[in-house]
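Engineer: The following block contains a protein sequence and its predicted model.
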Amino acid sequence: KKKNIILIDRDGVINKINSNKRYITCLEELRMNFKVISVLKKYPKIRLICISNQAGVSTKDVKISNLDKINKYIKSYLKTYNIILLDYFISTDHFHSKSFLRKPNPGNFLKAAEKYKLLLDKTFYIGDDPRDILASYNANTKCIYLGSKHKLNTLKNTIISDTVIYNLSKSIKRKLNSGY
């Protein structure tokens, strides 16, 4: 059965990064990323699964109740644009942890793939950080990279050439036209 599911990062992709703090700690700090939303809303057949690191919970900067409020708000906000966010796979592990669920490790990609019966080599992840590219590479999926190109110098060229795609709209169209 055809699955029009795309994996997506939260901070820096669905919403803007908080320029004043390391984390978005409450709903009032949330600013949506209209650049990405304006592309996604053109494809109502696509379903999203958000995979995100939220270390602010383990550093005590973000209350779990606030994280839940923010995620629920994003889901309902996207729905007003006919964008369906199916699920969240969140790592609240500390950024120094070596947790398998924390990107660049592929744990949450594998959990999403298992729950939604996804073939990771037939889907892609939309991210804005070199860790998103590494996580995609480690999960054997492509990454549509929306971050700045100068950040890529931390990655090996083979990882970049095997994993990175730059055009969001073209990639979604290709996914809709594929057999999967």
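Structural biologist: Okay, I see it.
Engineer: by contact count, what packs against the helix ranked longest in the chain?
Structural biologist: Identified as the longest helix of the chain according to DSSP state H is helix 64-79. Helix 64-79 sits against strand 47-53, strand 84-91, with contacts defined as 3 or more CB pairs under 8 Å, 6 or more residues apart in numbering; DSSP states H and E. For the C-beta atoms, the positions are set from N, CA and C on the backbone; glycine is no exception.
Engineer: Pipe those into CSV and attach mean pLDDT, distance to residue 106 and mean neighbour count per row.
Structural biologist: Below are the helices and strands packed on helix 64-79 laid out as CSV (pLDDT from 0 to 100; distance: least, CB to CB, whole Å; neighbours: other CB atoms under 10 Å):
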stretch, mean pLDDT, distance to residue 106, mean neighbour count
strand 47-53, 98, 10, 22
strand 84-91, 98, 11, 18
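Engineer: So, low pLDDT: which residues of the protein?
Structural biologist: By pLDDT under 70, the low-scoring segments of the chain are 1-2, 179-180.
Engineer: Switch the helices and strands packed on helix 64-79 over to JSON lines; also include distance to residue 99.
Structural biologist: Shown next, in JSON lines, are those (distance: least, CB to CB, whole Å):
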{"stretch": "strand 47-53", "distance to residue 99": "9"}
{"stretch": "strand 84-91", "distance to residue 99": "6"}
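Engineer: Please name whichever of those strands is nearest to residue 172.
Structural biologist: strand 47-53 (10.8 Å; CB to CB).
Engineer: on contacts alone, who are the packing partners of that closest one?
Structural biologist: Packed next to strand 47-53, using 3+ CB pairs under 8 Å, 6+ apart, are strand 5-8, helix 64-79, strand 84-91, helix 107-116.
Engineer: which residues does residue 125 contact?
Structural biologist: 6-9, 51, 109, 132, 135-136, 139, 141-144 (CB atoms under 8 Å, 6 or more residues apart in numbering).
Engineer: tell me which element it falls in.
Structural biologist: strand 124-127 (DSSP states H and E).
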